[in-house]
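Chemist: Show me the folded form of this:
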Amino acid sequence: MKNFVVKTIANAGALAVAVWLIDDITLTGDSTGKEIATLLLVALLFGLVNVVVKPVVKLLSLPLLILTLGLFTLVVNALMLLLTSWLADKVDLSFHVEGFWTAVLGGLIISIVSWALNVVLPDGD
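Modeler: Purely as a prediction, here's the structure:
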């Protein structure tokens, strides 16, 4: 359970950095508290997408991953971010990613920041 909380906080931090750095990734709320709550809910949704959908997509795209020496992972991460944006819209969360190339850059930033946060934050094992 502690590991789940740490990973969710790392995802929320990484998403916050992406929202802060990229103008076409938006997260809005009436107040700071609502923005933080929305960010945490989007981080949970992003984690759920990465646990459920991402392994299937990576398995199906395995030949492309091998052919591109893993660079296709950037595309997979972008697709997971776009899927999270779409699902957030469906559940009425104010998180939006505008376009594929924005999602590629956002996915790269989220990957780097969440890796760094997972190194710094304590592991729940």
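Chemist: any low-confidence regions in the protein?
Modeler: 1, 123-125 (pLDDT under 70).
Chemist: What count of nearby residues applies to the residue nearest to Val104 when sequence neighbours are not counted?
Modeler: Closest residue to Val104 apart from its sequence neighbours, by Cβ to Cβ, 6 or more residues apart in numbering: Ala78 at 4.3 Å. Backbone N, C-alpha and C define where each C-beta goes, glycine included. Neighbourhood size, Ala78 [other Cβ atoms under 10 Å]: 22.
Chemist: got it, and the one 3 residues further on?
Modeler: Summarising burial for Leu81: neighbours were counted as other Cβ under 10 Å, giving 28.
Chemist: For the helix or strand harbouring it, C-alpha coordinates in PDB please.
Modeler: Under the criterion of DSSP states H and E, Leu81 resides in helix 72-90. What follows is helix 72-90 as a C-alpha-only set of coordinates in PDB (Å, rounded to 0.1, in the frame of the first residue of the first chain):
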ATOM      1  CA  PHE A  72       9.000   3.400 -29.800                       C
ATOM      2  CA  THR A  73       8.500   3.500 -26.100                       C
ATOM      3  CA  LEU A  74       8.200   7.300 -26.500                       C
ATOM      4  CA  VAL A  75       5.200   6.700 -28.700                       C
ATOM      5  CA  VAL A  76       3.700   4.300 -26.300                       C
ATOM      6  CA  ASN A  77       4.100   6.800 -23.400                       C
ATOM      7  CA  ALA A  78       2.500   9.500 -25.600                       C
ATOM      8  CA  LEU A  79      -0.500   7.200 -26.300                       C
ATOM      9  CA  MET A  80      -0.900   6.500 -22.600                       C
ATOM     10  CA  LEU A  81      -0.900  10.200 -21.900                       C
ATOM     11  CA  LEU A  82      -3.400  10.900 -24.600                       C
ATOM     12  CA  LEU A  83      -5.600   8.000 -23.300                       C
ATOM     13  CA  THR A  84      -5.400   9.500 -19.800                       C
ATOM     14  CA  SER A  85      -6.500  12.900 -21.200                       C
ATOM     15  CA  TRP A  86      -9.400  11.300 -23.000                       C
ATOM     16  CA  LEU A  87     -10.500   9.300 -19.900                       C
ATOM     17  CA  ALA A  88     -10.100  12.400 -17.700                       C
ATOM     18  CA  ASP A  89     -12.500  14.200 -20.100                       C
ATOM     19  CA  LYS A  90     -15.000  11.300 -19.800                       C
END
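Chemist: Understood, closing this out.
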